[in-house]
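Prediction below, plus the sequence it came from.
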Amino acid sequence: MMLWSGVLFVGFLLGTGIRRLKLSKELTRSGRVPGVGLVHAPISLLPLPFPESCWKQACEVAPIFNELIDRVSLDGKFLQDSLSRTKQVDAFTSRLLDIHATMLDSNKIEDIRLGLHRSDYMLDEQTNLLLQIELNTISSSFPGLSCLVSELHRSLLHQFKQHLVLDPGRIPQNDAVGRFAEAMAKAWIEYNNPTAVVMVVVQTEERNMYDQHWLCTVLKERYHVRSIRKTLAEIDAQGNLLPDGTLIVDGESVAVVYFRAGYAPTDYPSESEWKARLLMEKSSAVKCPSISYHLAGTKKIQQELAKPNILERFLENKEDIAKVRKCFAGLWSLDDSNIIKDAIERPGSYVMKPQREGGGNNIYGDDLKLALERMEKVGNEENAAYILMQRIFPAISPAILMREGVSFNDNVVSELGVYAAYVRNKDKVIVNEHCGYLMRTKVSSSNEGGVAAGFAVLDSVYLV
Ligand code: ADP
Ligand code: HGS
């Protein structure tokens, strides 16, 4: 009984979202705040064994990926050219590129740059290679809750050591939220306006708000930096630029814009949200991410960087290039007819990806085969909206998962995300480090992953 109470209690603290009750008319009229129910984040009961060598590799390559993203973000022509065909068939990416082009035309320079990234990997069982799934440069979720899961697992291993002969010290310390807050505070200091705030761009219906609040609480308590939360529509309604480029929203000067929304077409239901995105991009505020960092993190750019000799355009150090290239799975555009032919014959060996973030967007198996056959028939340009990626097969292991207080056993596969922060002002690199990790575990029968998308649970690693 102790076990479940311990887990449930800490699990409750992981409460990620408020199940928003629909505001019925009586309630709003009565002015009573509706009851809200917290649900704990879905978690794995115990950490997942993970090879220490792969863990170290993922941590070591993180600062190199930070530098790569920064260099790619500065090459406006590379971004526009690489995405030029996608622009023709993907309206969302096209709008992002339009904002980017407007910035290029006005020679807008982002002297202060803040990247809060998460590079996700799967350990391919057959080759024992740690292969990058994707690099998130916008709204990298769970820097807060991931720390709590590591703590929860360490405390459980301590509490039940007579039952579980496991060493809590094999679960790496995880301070992603503290390191992210520190990087954000350092960017705020570089902006050099003590009255300015950090503005968190949030979705109207946010279920992961406590993960966001965690970061802002550390920012306030440790660095005395205030933050405000605004939706894109509110920023359009309440925001404006001063002649010197200062962004004013709801009467507050904004030093840093931290996007926890704005990464998906659903975040832009009207022109109002796009106006807000452009207003912020035009401002002197430090955007996390800037439009260039956002584009540098698209899957199409990931695929372009995997082409021969492209990394050499952005990185000098041969060892760094080798470390980055070692993480690349097979990545192709849909122009490669041989790959298309193989993917139609062996659809289970590939994943087809649109330029989308947030989980639940990829195409697998027979759906992938049908999509490619359809495109072959109509021969249309639509294929420029997608990339093809080698499907990675991690080892399958048993686990106990907990969702909404109910535990169940299943066979799972996992995905390691390494958080990394980058702060730069002109040619001065102030922060460039890995910051902690997020382990996500999903049932092996599920193609898709993602906690917010409802497929995965939060986990931690037990180094072996
Ligand atoms: P998103 O940006 O929408 O999260 P991802 O590229 O991260 O899209 O893919 C979402 C999920 O799909 C991943 O968390 C993983 O579970 C699965 N996935 C993505 N790429 C691969 C791959 N190459 N091999 C196996 N699974 C993959
Ligand atoms: C937030 N509600 C991501 N971010 O990091 N996905 C998962 O938390 O701010 O759900 O598995 C928003 C993507 C991994 C976490 C969700 C990268 C979001 O989905 C933001 S774009």
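Here it is on my side, so go on. Numbering: from 1, shown residues only. Ligands and ions are numbered 1, 2, ... in the order given.

what kind of secondary structure is whichever residue of the stretch 351-464 of the chain sits closest to ligand 1 in?
Nearest to ligand 1, among the residues of the stretch 351-464 of the chain, is residue 449, at 2.4 Å (C-beta to the nearest ligand atom). Glycine gets a C-beta too; all of them are placed from N, C-alpha and C. Of the three states, residue 449 takes coil according to DSSP: H, G, I helix; E, B strand; the rest coil.

Surely residue 387 touches residue 334?
Yes - contact status for residue 387 versus residue 334: in contact at 7.5 Å, counting by C-beta atoms under 8 Å.

Can you pick out the residue with more neighbours from those two?
residue 387 (24 against 21; other C-beta atoms under 10 Å).

quick one: contacts for the more buried one?
By C-beta atoms under 8 Å, 6 or more residues apart in numbering, the residues touching residue 387 are 299-300, 302-303, 331-334, 352-353.

6 Å instead?
299-300, 303, 353 (C-beta atoms under 6 Å, 6 or more residues apart in numbering).

Among these, name the ones in strands.
residue 353 (DSSP state E).

Residue 83: which of the contacts of residue 387 is nearest?
Closest approach between the contacts of residue 387 and residue 83, by C-beta to C-beta: residue 300, at 5.8 Å.

can you pull out the strands in the stretch 301-450 of the chain?
331-332, 350-354, 363-364, 386-390, 397-403, 406-425, 428-443 (DSSP state E, counting those that start in this stretch).

should've said the stretch 151-300 of the chain
197-201, 227-230, 239-241, 247-249, 252-259, 286-288.

winner for burial among these?
strand 286-288 (a mean of 27; mean count of other C-beta atoms under 10 Å).

just checking, what packs against that one?
Where contact means 3 or more C-beta pairs under 6 Å, 6 or more residues apart in numbering; DSSP states H and E, strand 286-288 is packed against strand 112-124, strand 252-259.

is the last one anywhere near ligand 2?
The one in question is strand 252-259. No - counting by C-beta under 6 Å from any ligand atom, ligand 2 is not contacted by strand 252-259; separation bottoms out at 8.5 Å.

partner strands of that strand, parallel or antiparallel?
strand 197-201 (parallel), strand 247-249 (antiparallel), strand 286-288 (parallel) (DSSP bridges).

Off-centre distance for the first one?
In this case it means strand 197-201. The chain centroid and the centroid of strand 197-201 are separated by 18 Å under C-alpha atoms, centre = their mean, to the nearest Å.

do the same with the last one
Averaged C-alpha coordinates place strand 286-288 at 15 Å from its chain's average position (C-alpha atoms, centre = their mean).

Offset the numbering so it begins at 50, please.
I'll keep to 50 as the first residue from here, and by that count the last item is strand 335-337.

and the residue most central in space within the chain, what is it in contact with?
Centroid-nearest residue in the chain, with C-alpha atoms, centre = their mean: residue 189, separated by 3.0 Å. For residue 189, the contacting residues are 165-167, by C-beta under 6 Å, 6+ apart.

Of those residues, which are in range of ligand 2?
When the contacts of residue 189 are checked against ligand 2 using C-beta under 6 Å from any ligand atom, none falls in range.

so which of the residues you listed is the most crowded?
residue 165 (29 neighbours).

Looks like that one contacts residue 229 (just checking).
Yes - if you go by C-beta atoms under 6 Å, residue 165 and residue 229 touch, sitting 5.3 Å apart.

Name the nearest of the contacts of residue 189 relative to ligand 1.
residue 167 (9.9 Å).

From residue 185, how far off is the closest one?
Here the distance between residue 167 and residue 185 works out to 5 Å (C-beta to C-beta, to the nearest Å).

Mean pLDDT for the strands paired with strand 301-308 - can I get that in CSV?
Shown next, in CSV, are those (pLDDT from 0 to 100):
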stretch, mean pLDDT
strand 246-250, 98
strand 296-298, 98
strand 335-337, 98
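
Does residue 134 touch residue 432 like I think?
No - when contacts are counted by C-beta under 6 Å, residue 134 is not listed as touching residue 432 (8.9 Å).

So these two - more neighbours on which side?
residue 432 (23 against 16).

From residue 247, how far off is the nearest residue to residue 289 once chain neighbours are set aside?
Nearest residue to residue 289, sequence neighbours excluded (C-beta to C-beta, 6 or more residues apart in numbering): residue 297, at 5.6 Å. Going from residue 297 to residue 247 by C-beta to C-beta gives 14 Å.

Same check on residue 91?
Per C-beta to C-beta, residue 91 is found 28 Å from residue 247.

Contacts only, for residue 166.
So residue 166 contacts 186, 189, 469 (C-beta under 6 Å, 6+ apart).

ok, and which of these reach ligand 2?
Applying C-beta under 6 Å from any ligand atom to these, those adjacent to ligand 2 are residue 189.

Between the contacts of residue 166, which sits nearest residue 331?
Closest approach to residue 331 among the contacts of residue 166 (C-beta to C-beta): residue 186, at 19.9 Å.

Report how many residues lie close to the closest one.
31.

if I look at it, how far off is residue 288?
In terms of C-beta to C-beta, residue 186 sits 23 Å off from residue 288.

can I see the domain layout of this protein?
Under automatic domain parsing, the residue ranges defining each domain of the chain are 51-378+441-512, 379-440.

just the ones you listed: most buried one?
Greatest average neighbour count among these goes to domain 51-378+441-512 (a mean of 18), per mean count of other C-beta under 10 Å.

residues from the protein in reach of ligand 1?
169, 171, 182-183, 378, 400, 402, 405-408, 410-411, 438-441, 464, 497-499.

if we can go back for a sec, columns distance to residue 478 on top of the contacts of residue 189, output as JSON lines?
Formatted as JSON lines, these follow (distance: C-beta to C-beta, whole Å):
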{"residue": "165", "distance to residue 478": "15"}
{"residue": "166", "distance to residue 478": "15"}
{"residue": "167", "distance to residue 478": "19"}
